[in-house]
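Novice: Need a 3D model of the sequence below.
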Amino acid sequence: MDRLLVNINMVALLVQGVLGGIQLCSFVFIIYLALTSKKTIYIILGLFGFASLLYLLFETLVLGEYILANFALGREFNRLQALIIFCLIFFIPILTSKLVDLPPLWRRLNLIFTIFLSAVVALAFLIAFLYPDAFLSVAVPLKQSALQAGRWSEARGQPGIVYLIRDILALVFLQYMLVSFIYGLIKNNKKYYLLPLIGTILMISFSALDILLIYLPIFKNSLLQNFSSFTNLGIISFNILTLISIIKRLQRESLEFEKLKRIEALGEVASSVAHDFNNMLTVIEGHIVSFKEEFSPSDPKQKSLAEVEKATQRAKDLAEQLMMFSRGGRPRLSEVVIAELLQDLTSFISQQGKVILDLQIAPDLMSIYGDRTQLNQVFENIVFNALQAMPDGGRLTITAQNVTKIKDPLSDNYKIDKNLAYVKIAFKDTGHGISKENLAKIFDPFFSTKGRRHGLGLKIASTIIARHGGFLTVESEEGKGSCFNVYLPAVFPRRHVPK
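Specialist: Next up is the predicted model:
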């Protein structure tokens, strides 16, 4: 029996070595991402990975000392390993806030949990060193046989009240993380939550198995107690699955970057073609005006010339849009009162008799610094899309307000200056909504669900807003309408408007 237990511990030691190698590779990769991108999420994952490595290291030392029959030293390593779990618990709400797009109230709750756990961890370390028996008692006499060394209470120490609290906290906050990932998966429909979700389930399962082995009497002499701490497997599973999820997210970001480069190249071509095309149309338009002067107003040819002139003007509008989409068309900046722009839209919307307009403008709405013509084009384009989405009528709600802290979950994809206040203009309709498949494509150039239109409107709108230092997001659910959110940096009073 003694030989069997030694063999079991040697197998466990080998498994720990393999897991340690995998964890080390993932840790190095996360550190590389943290150093190159300097994103908080990678720094937090790096710290979590470092704590996981320490946990694995101490477990390996525990098993090694048992094989060498250095039980007293093994107990001390086990005490350190048990304390590392407190550190891992501390990182749970921090990781949750960085990995999941949580609503504001949830984020505040998350902050409270973080503060609470920081106090708990500090207190646990203090008790563990000042009153060791309250955490992990080693008062049970050591017996040198491998069978007795394999038993938890005789080899690793007797868990105290603080140890029990640690295990309860671990299960509670792991389930909190699980609920957060489920929320993110359902609410935000982001598939990269799925792998960390599975990793969290594995952590809960293996941690629960360890707790059962420790506290239930029926497992007191079980061979499973001689194998290893199963929590290791859960931690490694979570780290690996989360890393795979991050790699997939990086691949998507890389594809987006390549896509932007192609769009930029397309913009250069569009600028050149549109400029020459616009010059030719100007010549054609001039000749049309000359021809119209040669005929009397009642001449039937005037109608044909008017149609040609109208078509030429539409072609010029398209050329202007192409130049706006390209690197040309930079905004001519001046102070713009957003409330006035929105009021100008009311007459346009009122012509659509079936649509009810609800305009809500904050009385203290700040001005922005931008190009009035371009911004008017953006707002008209969004409103036009909203009206098209409600052919049988509906309600269009336009709200404008100041925001000092952007809470839009989609804003993570944009660079936000936290020192600035923003003006948020939201256009919410009760139309047919946008399908999940099309939602990811609506800002692509030339994408349109309407075959008769050229599909540059929303891409140009997004480009204009970006050149104003803001960003445009959209939330939609098929059958429940859409909401386009425009964020523009607010400006100081007129005398402080930058030149």
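Novice: For residue 461, give its distance to residue 442.
Specialist: Here residue 461 is placed at a distance of 10 Å from residue 442 (Cβ to Cβ, to the nearest Å). All C-beta spots, glycine's among them, are computed from the backbone N, C-alpha and C.
Novice: Compare these two (neighbour count), which wins?
Specialist: Legend: neighbour count by other Cβ atoms under 10 Å for residue 461 and residue 442, higher for residue 461 (24 against 20).
Novice: give the contact list for the closest residue to that one other than its chain neighbours.
Specialist: Sequence neighbours aside, residue 378 is the residue nearest to residue 461 in space, at 4.4 Å (criterion: Cβ to Cβ, 6 or more residues apart in numbering). By Cβ atoms under 8 Å, 6 or more residues apart in numbering, residue 378 lies in contact with 461, 464-465, 472, 486.
Novice: care to break the protein down by domain?
Specialist: Here the domain parsing of the chain from automatic domain parsing is 2-258, 267-325, 334-496.
Novice: List the buried residues in the strand or helix carrying residue 465.
Specialist: Per DSSP states H and E, residue 465 falls inside helix 457-467. For helix 457-467, burial by neighbour count (16 or more other Cβ atoms under 10 Å) applies to 457-465, 467.
Novice: Pull the distance from that helix to the chain's centre.
Specialist: 22 Å (Cα atoms, centre = their mean, to the nearest Å).
Novice: which helices and strands sit right next to the helix or strand following that helix?
Specialist: The helix or strand immediately downstream of helix 457-467 is strand 471-476, counting by DSSP H and E. Applying 3 or more Cβ pairs under 8 Å, 6 or more residues apart in numbering; DSSP states H and E, we find strand 471-476 packed against helix 457-467, strand 482-489.
Novice: What count of nearby residues applies to residue 362?
Specialist: Neighbours of residue 362 under the rule other Cβ under 10 Å: 14.
Novice: isn't it right up against residue 423?
Specialist: No: judged on Cβ atoms under 8 Å, residue 362 makes no contact with residue 423 at a distance of 9.0 Å.
Novice: shared neighbours of these two, anything?
Specialist: Joint contacts of residue 362 and residue 423 (Cβ under 8 Å, 6+ apart) are 400-402.
Novice: out of these, which is most surrounded?
Specialist: residue 400 (19 neighbours).
Novice: Surely that one forms part of a strand?
Specialist: Yes: under DSSP: H, G, I helix; E, B strand; the rest coil, residue 400 falls within a strand.
Novice: before we move on, back to that, tell me the spacing between the residue nearest to residue 461 and residue 68.
Specialist: From residue 378 across to residue 68, the span is 72 Å (Cβ to Cβ).
Novice: Residue 488 now?
Specialist: Separation of residue 488 from residue 68 (Cβ to Cβ): 68 Å.
Novice: So for the two, which residue has more residues nearby?
Specialist: Applying other Cβ under 10 Å to residue 488 and residue 68 shows that residue 488 carries more neighbours, namely 25 against 10.
Novice: Pairing partners for the more buried one in the sheet, please.
Specialist: residue 423 (DSSP bridges).
Novice: so what's it up against?
Specialist: Counting by Cβ under 8 Å, 6+ apart, residue 488 makes contact with 338, 368, 370, 375, 422-423, 425, 465, 468-470.
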